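> structure for the following, please:
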Amino acid sequence: MSGWRLFGVVLALPLLFTVLVLLDVRRNRSGRGVGIELTEREVTLSGATDENSGMTARVRWAFEGESRQQWLSPDKLESLGFDLNDGRDAAPGRQNPRRQLQRRAFIVFELREGLPQSRLVPVDASVDRDEMLAKYPDRQTHLVTAGLVGLRRDLLPGQPQAVDGYVANIDPRGLHVPTELAARLREGGRRRSTFTITVRYGSQLEPWITDVR
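A predicted model of the protein is given here:
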């Protein structure tokens, strides 16, 4: 390859990469749909208060114990790849006797009132994205996203062993707030204490913020 051709390829690569990224974003945001509305209970804002500075909305969810129910059955945990036989003979009083690696899954959260902190409660998980999207089609009440699920065992003296999953993280957890929408979250140079953010998840489960009020 001649020097000029190599020079042309080097110049074209960044442009090609940009085009591919834009096509991927367009594909993710294609189709019609509604967003889920999250408030200051489900979102923590981070970033400087200066109008020219960026802002990130970080999603938070209720701890599994706050909903007072087991959200993943033993069969469901095994379908995610956990070995429930591992650690059953551990001594009482220990937690997570044999730590297993967290498993990637598609996690479903439900907006549920009556909880002390976040209204986002984990209710289901699967390795099959399409299964979760079909099972929970209402995008205004349920949020489906990729993430990590861990295994937790509670071994207490005199009590039967309890096993459940917990949400270790979601991907992505931090959402970029566009500049024009970030301005609505500031009052007098400070971030607002109450707000509602509309988040839409695309066909590739990549979220973006569509409105703030």
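> from here on, contacts and neighbour counts on C-alpha atoms
Fine.
> contacts for the longest strand seen in the chain, please.
Across the chain, the longest stretch assigned as strand under DSSP state E is strand 142-154. The contact list for strand 142-154, computed with CA atoms under 8 Å, 6 or more residues apart in numbering, reads 36, 77, 82, 93-97, 99-111, 132-133, 136, 161-172, 201, 205-206.
> apply 7 Å and report the result again.
Residues outside strand 142-154 that contact it (CA atoms under 7 Å, 6 or more residues apart in numbering): 95-96, 100, 102-111, 133, 136, 161-171, 205.
> of these, which belong to strands?
Filtering those for strands - DSSP E - leaves 103-111, 162-171.
> got the residue ranges for the strands in this protein?
Under DSSP E, the chain gives strands at 36-39, 43-46, 55-59, 103-111, 120-126, 142-154, 162-171, 174-177, 186-187, 190-191, 196-201, 207-212.
> hey, which of the ones you listed is tucked in deepest?
strand 120-126 (a mean of 23; mean count of other CA atoms under 10 Å).
> the inter-axis angle of it versus strand 55-59?
70 degrees (axes from the mean of the first three to the mean of the last three CA atoms, to 10 degrees).
> strand 120-126 - contacts with which helices or strands?
Packing partners of strand 120-126 (3 or more CA pairs under 7 Å, 6 or more residues apart in numbering; DSSP states H and E): strand 103-111.
> partner strands of the strand it packs on, parallel or antiparallel?
strand 120-126 (antiparallel), strand 142-154 (antiparallel) (DSSP bridges).
> name the surrounding residues that touch it.
Against strand 103-111 from outside (CA under 7 Å, 6+ apart): 80-81, 119-129, 141-150.
> give me that answer again for 8 Å
Residues contacting strand 103-111 (CA under 8 Å, 6+ apart): 80-82, 119-129, 132, 136, 141-150.
> near the nearest residue to G54 once chain neighbours are set aside, how many other residues are there?
Residue nearest to G54 in three dimensions, not counting chain neighbours: G47, with 6.1 Å by CA to CA, 6 or more residues apart in numbering. Neighbour count for G47, taken as other CA atoms under 10 Å: 11.
> this completes my enquiry, with thanks.
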